[in-house]
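*Asks:* Just the structure for this:
(2 chains)
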Amino acid sequence: MKLSIASRKEPAVPGRQVSSLSSRARELLARERSATEDEALKARALDRARLALEADRESNVGLKLQGPWPPAARSRQLWRMLLVIAAAIGAAGLAAAQLDALLMREKRSDPAPARLPTAPVPTSAVRSAPPSSRLAPSPSVPESSSASRAAAPPADSTRSAARQFMSEVQLLEPARTSIAHRDYAAALVLLAKHQHEFPNGELAQERDALRVRALWGEGQQSAAKAAAKSFSKRYPRSALLSWMKDESDDGP
Amino acid sequence: MALEQLEIATTSVASSPGEADGCLQFYQRELDYLIGSLRRIGVPASDLEDVLHEVFLVMLARWGDYDRTRPVRPWLFGIAFRVASSHRRRTGREVLGADYDVEDRRRGPDEDAAASQGRGLLLRALARVPLERRAVLIMREIDETPMRDIAEELSIPLFTAYSRLRKARRELDEALDRLQKGAGRAR
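*Replies:* All right, here's what the predicted structure looks like:
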């Protein structure tokens, strides 16, 4: 696999002169580029990473985020949807009002039967159609300008979603490790905590899959079967659900 | 019923060990960069190992989606920055650059003392630049990432990235001045 370390060539942007750093700062920053780190720390980090991969294989559940990173906040998606609905209602109301006004005008000026206009095009929409290109940025515009705020994504909600995702990982990662070490009781405690704190979290599917595994390992076979059935019902198209078969129930 | 017959769950991580191993090898190769980035972002030395592991878990989760044609370091920095920011909010702690020196003294006599003092000074000065501007400064001045990639990775408009860079450069110079003057007076 070939990975690109080099960055893309930076396009020249007119008026993009930014004040330069002092020579002392430049020297320190240049030295920082080749800084190396503590070997013991790197060795410990690698051991933990290997253990996490082992937990993936042992538990058969990886903590995969289905959406983008950072995860989009649900509230943001909801607001977007509401805005789209509001815009659609507004546009429909406007079109109805225009049609109504047109019919009234025609009724006043023409005693003949009114003709329905064909596909009225709101000229304001044509005039104000925004160009697809981005607004030309200006270095003189302060960061806190309203234009900047309008263009920036709602960072707070994104951050809070990323924070929640990491909190979920912090509960589920030890649960997977416990399963890998056959400590199913400890895993069940952590999974119950996740269920309590994040009933509909980003990793709810992974939690439920891990629960089946942990219940089975703990020897609670009927609870494991019930949890497995509930899982397949709740997530019929889940990528986590490879197959589930109970020969002891369905077999001869 | 055997456990395997209750098999739930094969994720792409679990079902393609080769890919997961590829991610691990890549992580190993970029460890210096990742640890350095976390230090520069302001993760305390005592929390570095835990935060680094969180970064690995996110890398692993996103590995299948990573566009191999794109430069890798901005992608890694984006993950490190978000994980570190999240950690900082959870714990309410940020290093002020002082614990690098403490840790560094344990590294033995071979270490170049002047270089490590310089690094400690830089990390302390960076800590005085607000985090969002610091991220842009690090990506630009240390990682040499193009401004468009910085804006994209941090999800900010391009002119905001430039504005942050301008302020951050000034703040870094001022912080270095103050720290050096303070050190001069202490002697």
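
*Asks:* Chain B: helices as residue ranges?
*Replies:* Along chain B, counting by DSSP state H, helices occupy B:12-15, B:17-29, B:31-41, B:48-62, B:72-91, B:98-104, B:113-127, B:131-137, B:147-153, B:158-186.

*Asks:* Secondary structure class of A:Gly201, three-state.
*Replies:* coil (DSSP: H, G, I helix; E, B strand; the rest coil).

*Asks:* Low-confidence bits of chain B, can you list those?
*Replies:* B:1-18, B:93-116, B:183-187 (pLDDT under 70).

*Asks:* rerun that using 50 as the cut-off
*Replies:* B:1-15, B:98, B:102, B:104-109 (pLDDT under 50).

*Asks:* again with the stretch 51-200 of chain A
*Replies:* Using pLDDT under 50, the stretch 51-200 of chain A drops low at A:111-152.

*Asks:* thinking again about what came up before, adding distance to A:Leu29 and mean neighbour count, write the helices of chain B out as a markdown table.
*Replies:* (Glycine included, C-beta is placed from N, CA and C.) A markdown table is the format used below for the helices of chain B (distance: least, C-beta to C-beta, whole Å; neighbours: other C-beta atoms under 10 Å in any protein chain shown):
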| stretch | distance to A:Leu29 | mean neighbour count |
| --- | --- | --- |
| helix B:12-15 | 37 | 18 |
| helix B:17-29 | 23 | 15 |
| helix B:31-41 | 10 | 23 |
| helix B:48-62 | 21 | 22 |
| helix B:72-91 | 15 | 22 |
| helix B:98-104 | 15 | 16 |
| helix B:113-127 | 7 | 19 |
| helix B:131-137 | 9 | 22 |
| helix B:147-153 | 15 | 21 |
| helix B:158-186 | 8 | 18 |
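
*Asks:* now these as CSV including distance to A:Leu191?
*Replies:* As requested, the helices of chain B are exported to CSV (distance: least, C-beta to C-beta, whole Å):
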stretch, distance to A:Leu191
helix B:12-15, 18
helix B:17-29, 22
helix B:31-41, 29
helix B:48-62, 17
helix B:72-91, 21
helix B:98-104, 35
helix B:113-127, 38
helix B:131-137, 34
helix B:147-153, 34
helix B:158-186, 41
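
*Asks:* With distance to chain A added, can I get those in TSV?
*Replies:* TSV is the format used below for the helices of chain B (distance: least, C-beta to the nearest C-beta, whole Å):
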stretch	distance to chain A
helix B:12-15	3
helix B:17-29	5
helix B:31-41	4
helix B:48-62	5
helix B:72-91	4
helix B:98-104	8
helix B:113-127	4
helix B:131-137	9
helix B:147-153	6
helix B:158-186	3
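
*Asks:* For A:Ala25, find the nearest of the ones you listed.
*Replies:* Closest of the helices of chain B to A:Ala25 is helix B:158-186, at 5.6 Å (criterion: C-beta to C-beta).

*Asks:* Run the angle between the closest one and helix B:113-127 for me.
*Replies:* 130 degrees (axes from the mean of the first three to the mean of the last three C-alpha atoms, to 10 degrees).

*Asks:* right, and B:Leu123 touches B:Arg40 too?
*Replies:* Yes: applying C-beta atoms under 8 Å, one finds B:Leu123 in contact with B:Arg40, separated by 6.7 Å.

*Asks:* burial measure for B:Asp67, as a count.
*Replies:* A count of neighbours around B:Asp67, defined by other C-beta atoms under 10 Å in any protein chain shown, yields 9.

*Asks:* Kindly report the same for A:Ser222.
*Replies:* 8.

*Asks:* of the helices of chain B, which approaches A:Ser167 most closely?
*Replies:* Comparing the helices of chain B by C-beta to C-beta, helix B:72-91 comes nearest, at 7.4 Å.

*Asks:* tell me what the closest one is packed against?
*Replies:* helix A:155-180, helix B:31-41, helix B:48-62, helix B:131-137, helix B:147-153 (3 or more C-beta pairs under 8 Å, 6 or more residues apart in numbering or on different chains; DSSP states H and E).

*Asks:* Verify the stated contact: B:Arg119 with A:Glu32.
*Replies:* Yes: using C-beta under 8 Å, B:Arg119 is in contact with A:Glu32, at 6.7 Å.

*Asks:* would you list the helices and strands packed on helix B:72-91 in a markdown table and tack on distance to A:Lys233?
*Replies:* A markdown table is the format used below for the helices and strands packed on helix B:72-91 (distance: least, C-beta to C-beta, whole Å):
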| stretch | distance to A:Lys233 |
| --- | --- |
| helix A:155-180 | 21 |
| helix B:31-41 | 41 |
| helix B:48-62 | 26 |
| helix B:131-137 | 44 |
| helix B:147-153 | 40 |
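
*Asks:* Nearest to A:Lys42, out of the ones you listed?
*Replies:* Closest among these, using C-beta to C-beta: helix B:31-41, at 4.8 Å.

*Asks:* counting contacts, what elements does the closest one pack onto?
*Replies:* By 3+ C-beta pairs under 8 Å, 6+ apart, helix B:31-41 packs against helix A:39-59, helix B:48-62, helix B:72-91, helix B:113-127, helix B:131-137.
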